[in-house]
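A.B. asks: Using only what follows, build the 3D model:
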Amino acid sequence: DMRAYLSRLLTGQGWRARGVTDAQQAPDEVPRVRPEPVLAAVMMAVLDGFDLGRRPRAEPATRTLPVLVLSARAGGEASGEGP
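C.D. replies: Numbers count the residues shown, from 1 in each chain. Have a look, this model is predicted:
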């Protein structure tokens, strides 16, 4: 599971990492935890990574949080689609 892998990788490098089990939890967690950066996968159930990335941008308190959207998609058509 990519979430567990990234959490282990980041915490092993001294970062604090907090994963959520589904994308519906993330919009509530981001303003409360204020992660830097927010990591999201493009392909998630219910709320995709692009939609999740747009949410902090819409709120003044979290507007400046960096958001990284990860994808396994490749090729020119997959680039440049960020929030």
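A.B. asks: hey, let's count contacts and neighbours off CA atoms from now on
C.D. replies: OK.
A.B. asks: Can you give the contact residues for stretch 31-50?
C.D. replies: 22-24, 30, 52-53, 56, 61-62, 65-71, 81-83 (C-alpha atoms under 8 Å, 6 or more residues apart in numbering).
A.B. asks: Could you turn the buried ones of those into a PyMOL selection?
C.D. replies: Here is the PyMOL command that selects the buried residues among these (16 or more other C-alpha atoms under 10 Å):
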select buried, resi 23+30+52+53+56+62+65+67+68+69
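A.B. asks: Can you tell me which of the contacts of stretch 31-50 end up in helices?
C.D. replies: 30, 52, 53, 56 (DSSP state H).
A.B. asks: Tabulate those (CSV), appending pLDDT and distance to residue 16.
C.D. replies: Shown next, in CSV, are these (pLDDT from 0 to 100; distance: C-alpha to C-alpha, whole Å):
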residue, pLDDT, distance to residue 16
30, 84, 14
52, 86, 20
53, 85, 19
56, 86, 19
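A.B. asks: Make a markdown table from the residues you listed and add distance to residue 5 to it.
C.D. replies: Compiled in a markdown table, the ones in helices among the contacts of stretch 31-50 are given as follows (distance: C-alpha to C-alpha, whole Å):
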| residue | distance to residue 5 |
| --- | --- |
| 30 | 20 |
| 52 | 20 |
| 53 | 21 |
| 56 | 24 |
